[in-house]
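Q: coords please:
(2 chains)
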Amino acid sequence: MRVIEQINASLHGFMAGDAGAHVIGEDILDPYGGAFKATKGLSTAFPDRVLTSPISEAAIVGVATGMALKGKPVCVEIMFGDFITLCTDQLINHMSKLPWVYDEQIAVPVVVRAPMGGKRGYGATHSQSLEKHFCGVPGLTVVAVSQFSDIERIYADAFAAKTPHLIIENKLSYARRIEARDIAPHADPDLVLVTYGGSTEVCVEAAARLADEEELRANVIEVTTLSPFDRADLAQRIGDCPAVLSVEEGADGWGFGAEVARVLVDMPARVFATVTGPAHPIPSSKSWETALLPNGDRVVGAAIDLLLGRRQ
Amino acid sequence: MKHFAELLMRGAADEHVGDYMLMSLIRQFETRLLDLFGQGKLAGTTHTCIGQEANAIAVMSVIDKTIDTIWSNHRCHGHFLAYCGDAHGLFAEILGRASGVCGGRGGSQHLAHRNFFSSGIQGGLVPLAVGTALADRDKGAISAVFLGDGTMGEGSVYEGLNLASLWDCPVLFVVEDNGIAQTTPRALGVAGRIADRAQPFGIRSASIASVDLDALKPVVRDAADYVRSQRRPFWLHIETVRLRAHSKSDDTRPDAELAALQARDCLPLLRERIGDEAERLDGEVAAYLDACFDAAMQDAEPCA
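A: Next comes the predicted model:
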């Protein structure tokens, strides 16, 4: 099964499991079924509860919040994750904040899905990884998935939680087959690659090359709950591995790598480095974009530099 | 402590008496707040609706509290008191006490009680009002959302209008146009006519320039009846007056302008209709507020 098929199945399960459940998004009706087909078949199966919306990201997140606090859970699709900036106020000041501010008199069961990531040549406004801007927002759970994640369980948990969730999907991973295999197989690894979402497959590829070309044992640690960040869990998964490389596609600074470093501060000393996206917008040129974003070559190179004590 | 509803019951046979007691409650409540701020006894900020009380009372008179939902804004005390009369819960909330309606978490601008909600982000609640209206449409419920002339610059309002009309959501939009957004006069902040804003979305509208509760009530009643029976949105523009500062003491309007506005105060209009009884009713309300404020002052802080 491919990632997009599992997400689609999870959405069908969400709708079938609650007669009040709704899905709202842009261009999500059949036969189109959404820009990435995540919502395919939903409007045919549940015609009254699948609402195709105008291009109004702020309004649909706000409407979802209003419906949800009246007991009707909603899953919102943001067509491209880049557009999530348009609903920032609704996510931060309304959906995530009001349940606490109102002393838990309301619950807001809303799951917002947003496909992020580049490497498709879509340019600066359709390729970003903006999730870090929504991590650390009180009341909002931010999750990221890849073909290596337990997508079925993660989506079921998000819908069952009845609290505001933001699920970061990855456009490239939609077409990948789900791989239920252990990507951290070594009991005593030379290094760990800590990552999430679309960068996970880059790290898995890099780990294989490090084994083949350098005889290095690299485990990949995929973090699926980005916020709130479970530092104790990551510390336990890193264990006493002497080298940690953090890999993310978002722009450099104030990101995932900093959160990983915060975990390491409380642990015995070891070497650490990060691989990130560029500190400028993503170019439309596909070869330039591919070179800038984390890729196998960059991760392998950074891993070797880290282990040899070289700073990039 | 007695609830304000018990006080109101005594005047319930006479609509004017009940309305006057509510208006007196809101006016006295907020006047006390400003006094307490002046004495340095309250922390934070507040936004009084002094001069606009008739709007709150008119709207709440057509609300079915068992099913309808109210969305208010930063200037929410009048809406809240007209909705439920709980002066103790409100004052305790403003004081930041655990006994406040939101346990001291929300404060002056962020209230929640049954189906009443307010928040301090301009226009941000409009899509939520569309959502609650949609969710409860089949119950015959409506959602009302209070806006101001200052909210007209927010994009969420127009996204919400579009969706409310497209999806047949029973939302009563109430624009309390007091002519000044904090310190910015309407002429510097609003192009065109506020009364005309919703018409291009296919939304029926009405406009009234009045602070007279007796004049407002039938217009609000017609608007709410339309929303409930047709399950369609309605845009109600009320041209009103803000007699005091935006917040505590930030009024930049010239004295002559403020004096002219005093002539449009909604309270004396209603007071004239009550006659001599008004003074006694004011006293009853004052005694109730004394009890509420004294009790809230003694209540525990949430973090203590």
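Q: From here on, just use CA atoms for contacts and neighbour counts.
A: Will do.
Q: Read off the pLDDT value for the residue in the stretch 201-312 of chain A that chain B sits nearest to.
A: Of all residues in the stretch 201-312 of chain A, the one sitting closest to chain B is A:P228 (21.3 Å; CA to the nearest CA). Per-residue pLDDT puts A:P228 at 98.
Q: Report pLDDT for A:E249.
A: A:E249 is assigned 98 on the pLDDT scale.
Q: That one looks like it's in a helix, true?
A: No: counting by DSSP: H, G, I helix; E, B strand; the rest coil, A:E249 is not found in a helix; it is strand.
Q: List the contacts of it.
A: Under the criterion of CA atoms under 8 Å, 6 or more residues apart in numbering or on different chains, the contact list for A:E249 reads A:117, A:129, A:198-199, A:276-277, A:293-294.
Q: could the residues you listed go into a markdown table alongside secondary structure?
A: Putting these into a markdown table (three-state DSSP) gives the following:
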| residue | secondary structure |
| --- | --- |
| A:G117 | coil |
| A:S129 | coil |
| A:G198 | coil |
| A:S199 | helix |
| A:T276 | strand |
| A:G277 | strand |
| A:L293 | coil |
| A:P294 | coil |
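Q: Now tabulate these in TSV and tack on distance to A:A107.
A: Shown next, in TSV, are the contacts of A:E249 (distance: CA to CA, whole Å):
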residue	distance to A:A107
A:G117	31
A:S129	28
A:G198	31
A:S199	33
A:T276	36
A:G277	36
A:L293	38
A:P294	38
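Q: residues from the stretch 1-150 of chain A in reach of chain B?
A: A:53-54, A:56, A:58-67, A:69-70, A:72, A:89-90, A:93-94, A:100-103, A:105 (CA under 8 Å from any CA of the partner chain).
Q: all helices for chain A, in order.
A: Under the criterion DSSP state H, helices of chain A are mapped to A:3-17, A:42-45, A:57-68, A:88-89, A:98-101, A:151-161, A:199-214, A:231-238, A:256-265, A:286-292, A:296-308.
Q: what about those helices, which gets the closest to A:K171?
A: In this view, these are compared for proximity to A:K171 by CA to CA, and helix A:3-17 is the closest at 9.3 Å.
Q: doesn't B:S205 fall inside a helix?
A: No: residue state for B:S205 (three-state DSSP) corresponds to strand; a helix is not indicated.
Q: and of the contacts of A:E249, the nearest to B:V171?
A: A:S129 (36.3 Å).
Q: The closest one: neighbouring residues, count only.
A: Counted by other CA atoms under 10 Å in any protein chain shown, the residues lying close to A:S129 total 24.
Q: What of the one 3 residues further on?
A: Using other CA under 10 Å, A:K132 is surrounded by 17 other residues.
Q: who's in contact with it?
A: With contacts defined as CA under 8 Å, 6+ apart, the neighbours of A:K132 are A:250, A:254-256.
Q: From chain B, how far off is it?
A: The gap separating A:K132 from chain B is 23 Å, by CA to the nearest CA, to the nearest Å.
Q: so what pLDDT did that residue get?
A: A:K132 is assigned 98 on the pLDDT scale.
Q: Give me the secondary structure label for the most centrally placed residue in chain B.
A: Per CA atoms, centre = their mean, the C-alpha nearest to the average position across chain B is that of B:H79, at 2.9 Å. Assigned state for B:H79: helix (three-state reduction, three-state DSSP).
Q: low pLDDT regions in chain B?
A: B:1-2, B:10-12, B:304 (pLDDT under 70).
Q: one more time with 50, if that's ok
A: In the predicted model of chain B, no residue satisfies pLDDT under 50.
Q: Buried residues, stretch A:23-38. List them.
A: Of all the residues in stretch A:23-38, those buried under the rule 16 or more other CA atoms under 10 Å in any protein chain shown are A:23-30, A:33-34, A:36-38.
Q: what's the answer for stretch B:264-279, then?
A: For stretch B:264-279, by 16+ other CA under 10 Å, it's B:264-267, B:270-271, B:274, B:278.
Q: now do the same end-to-end measure for that stretch.
A: Between the opening and closing residues of stretch B:264-279 lies a distance of 21 Å (CA to CA, to the nearest Å).
Q: Spell out which parts of chain B neighbour chain A.
A: With the criterion set to CA under 8 Å from any CA, chain B comes near chain A through B:102-103, B:105-106, B:110-113, B:121, B:124-132, B:134-136, B:156, B:159-160, B:163.
Q: Looking at these, which are in helices?
A: Within those, residues falling in helices by DSSP H are B:126-132, B:134-135, B:156, B:159-160, B:163.
Q: Throw the contacts of A:K132 into JSON lines and include distance to B:E176 and neighbour count, thanks.
A: What follows is the contacts of A:K132, written out as JSON lines (distance: CA to CA, whole Å; neighbours: other CA atoms under 10 Å in any protein chain shown):
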{"residue": "A:G250", "distance to B:E176": "44", "neighbour count": "27"}
{"residue": "A:W254", "distance to B:E176": "42", "neighbour count": "11"}
{"residue": "A:G255", "distance to B:E176": "43", "neighbour count": "18"}
{"residue": "A:F256", "distance to B:E176": "45", "neighbour count": "26"}
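Q: Tell me how many other residues crowd B:Q28.
A: For B:Q28, the count of nearby residues is 17 (other CA under 10 Å).
Q: Spit out the contact partners of it.
A: When the contact criterion is CA under 8 Å, 6+ apart, the partners of B:Q28 are B:A286.
Q: In a helix, it, correct?
A: Yes: with three-state DSSP as the criterion, B:Q28 is assigned to a helix.
Q: That one and B:Q182, how far apart?
A: Summarising the geometry, the distance separating B:Q28 from B:Q182, computed by CA to CA, is 22 Å.
Q: Likewise for A:P138?
A: Counting by CA to CA, the separation of A:P138 from B:Q182 is 29 Å.
Q: who does the residue nearest the centre of chain A bridge with?
A: With distances taken as CA atoms, centre = their mean, chain A has A:A144 as the residue nearest its mean C-alpha position (2.4 Å). Here A:A144 sits in beta bridges with A:I168, as judged by DSSP bridges.
Q: quick one: it and A:I168 touch, right?
A: Yes: with contacts counted by CA atoms under 8 Å, A:A144 reaches A:I168, the gap being 4.5 Å.
Q: okay, and the common contacts of those two?
A: With contacts defined as CA under 8 Å, 6+ apart, the residues shared by A:A144 and A:I168 are A:G197.
Q: Thought B:R273 was touching B:Y20, still the case?
A: No: contact criterion CA under 8 Å: B:Y20 and B:R273 do not qualify, at 9.1 Å.
Q: Quick one: the helices in the stretch 1-150 of chain B, in order.
A: Defined through DSSP state H, counting those that start in this stretch, the helices belonging to the stretch 1-150 of chain B, from first to last, are B:4-10, B:15-38, B:53-60, B:77-84, B:87-95, B:126-135.
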